[in-house]
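1. Sequence unavailable; structure follows:
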């Protein structure tokens, strides 16, 4: 079975400060990992993904994430937060070895960037 | 939201009625998905389809039905058997490989009156 956990329901950060949104996962094989962002009453927008290779993945809008196999983590980061980054962020995982097409999502973390 | 459209944006249903949510994509993607989103619960998979005329149940298929008669269309019917249908429904599509990214439509908010 595959699962993903986002341990923080909400993260508050001051504008201009670095931000981190945490994600840990559990799969039996190797993971495919994804980050999405959702603005109110909108669909999910894809930010970035890790499939294989370099552990540091760069994505849209200045976001990046680091894959850490030993800690089974895939935390989302940005060096300098903007007020417009305030949104709901979802981490998702898929087990590459299971032949599964099913993506499992975390419960989401609400990011608030304070001016 | 790319080339995925969902309609209507808001839908109101009386108890005991079936309603159908539309999802269309022009990305030439093989795979399509339906998710349900409830506050604080993330997204849960209802049904998915990897190819035309074939679909599989997800984690919460009870009370829902789908069809995939055309590659670009994957409508979801919420039946009267779904006891708590009020939610935000999201459709997604992907090229179909296991590592492929799923892209989402703008969603339909269903409210049962």
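-> The structure has been received and is ready for your questions. Note that the structure is predicted; figures quoted are calculated from it, not measured. Residues are numbered from 1 along each chain as shown, chains lettered A, B, ... in the order given.
2. drop to CA atoms for contacts and neighbour counts, all remaining ones
-> Noted.
3. near chain B, which residues of chain A?
-> A:32, A:41-46, A:49, A:51, A:90, A:94, A:96, A:99-102, A:104-108 (Cα under 8 Å from any Cα of the partner chain).
4. What subset of the residues you listed is buried?
-> A:32, A:42-46, A:49, A:51, A:90, A:94, A:96, A:101-102, A:104-108 (16 or more other Cα atoms under 10 Å in any protein chain shown).
5. dump the residue contacts of the residue positioned nearest the centre of chain B.
-> The structure's chain B has its C-alpha centroid closest to residue B:34; by Cα atoms, centre = their mean the separation is 2.9 Å. By Cα atoms under 8 Å, 6 or more residues apart in numbering or on different chains, the contact set of residue B:34 is B:45-48, B:76, B:89-92.
6. so which of the residues you listed are also by chain A?
-> Among those, chain A is touched by B:45, B:90 when using Cα under 8 Å from any Cα.
7. quick one on the thing from earlier: partners of the residue nearest to the centre of chain B in the sheet?
-> Beta-bridge partners for residue B:34, by DSSP bridges, are residue B:47, residue B:91.
8. top of the contacts of residue B:34 by neighbour count?
-> residue B:91 (33 neighbours; other Cα atoms under 10 Å in any protein chain shown).
9. So it versus residue A:74, what's the distance?
-> Distance of residue B:91 to residue A:74, computed by Cα to Cα, to the nearest Å: 25 Å.
10. same thing with residue A:34?
-> For residue A:34, the distance to residue A:74 - Cα to Cα - is 9 Å.
11. Comparing those two, which residue is more hemmed in?
-> residue A:74 (29 against 25).
12. Now do the one helix or strand the more buried one maps to: everything it contacts.
-> Here residue A:74 sits within strand A:73-78, counting by DSSP states H and E. For strand A:73-78, contacts defined as Cα under 8 Å, 6+ apart pick out A:18-25, A:33, A:35, A:62-68.
13. filter the residues you listed to the buried ones?
-> A:19-25, A:33, A:35, A:63-67.
14. Mind checking which of the residues you listed land in helices?
-> Using DSSP state H, the subset of the buried ones among the contacts of strand A:73-78 located in helices is empty.
15. which residue sits closest to residue A:76, ignoring its sequence neighbours?
-> Counting by Cα to Cα, 6 or more residues apart in numbering or on different chains, residue A:76 lies nearest to residue A:65, which is 4.4 Å off, once chain neighbours are set aside.
16. wait, what's in contact with that neighbour?
-> A:48, A:56-58, A:74-77.
17. swap the cut-off to 10 Å and go again
-> Listed by Cα atoms under 10 Å, 6 or more residues apart in numbering or on different chains, the contact set of residue A:65 reads A:20-23, A:33-35, A:47-50, A:55-59, A:73-78.
18. between the contacts of residue B:34, which is nearest chain A?
-> residue B:90 (6.8 Å; Cα to the nearest Cα).
19. No further queries at this time; thank you.
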